[in-house]
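Q: The sequence isn't on hand, but the structure is:
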């Protein structure tokens, strides 16, 4: 299979302001894997992308983007209903992670 990986740093976002994100990236990504807490900056970015780009893809009959999140401290560890609607994968911290 042919695939590309891209690293995006979204830690500059000020999510307290509830910014409207202008996604100036190609809408060709099939899977996004984020790292951070629920309701953090990465989660905000991925939910915004899902809300804005997936409806456009669906309308065109294109494959929808899918999302996963490595959960890290700083927020709730139990996804709410909205998070379960957005994400197809959650990776939870383990006891081994806590020792590192």
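A: Good, I have the coordinates. What you see is a predicted model, and the numbers here were worked out from it, not measured in a lab.
Q: quick one, strands of the chain?
A: With DSSP state E as the criterion, the chain has strands at 31-36, 66-71, 89-91.
Q: Relative to residue 79, which of these is closest?
A: Checking these against residue 79 by C-beta to C-beta gives strand 89-91 as the closest, at 6.1 Å. Every C-beta, even on glycine, is put in place using the N, C-alpha and C of the backbone.
Q: Summarise which helices and strands that closest one is packed against.
A: strand 66-71 (3 or more C-beta pairs under 8 Å, 6 or more residues apart in numbering; DSSP states H and E).
Q: Each with direction, which strands does the strand it packs on pair with?
A: strand 31-36 (parallel), strand 89-91 (parallel) (DSSP bridges).
Q: got the buried residues for that strand?
A: 66, 67, 69, 70, 71 (16 or more other C-beta atoms under 10 Å).
Q: now for the strands of the chain, which one comes closest to residue 53?
A: Closest to residue 53 of the strands of the chain is strand 31-36 (C-beta to C-beta; 10.2 Å).
Q: Flag the shaky bits of the protein, pLDDT-wise.
A: 1, 74-77, 94-100 (pLDDT under 70).
Q: returning to that earlier point: would you format the strands of the chain as JSON lines with distance to residue 81 included?
A: Below are those laid out as JSON lines (distance: least, C-beta to C-beta, whole Å):
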{"stretch": "strand 31-36", "distance to residue 81": "19"}
{"stretch": "strand 66-71", "distance to residue 81": "15"}
{"stretch": "strand 89-91", "distance to residue 81": "14"}
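Q: what about the ones you listed, which gets the closest to residue 47?
A: Here strand 66-71 is closest among the strands of the chain (C-beta to C-beta), at 8.4 Å.
Q: In this protein, which residue is most central in space?
A: With distances taken as C-alpha atoms, centre = their mean, the residue of the chain nearest its centroid is residue 46 (3.1 Å).
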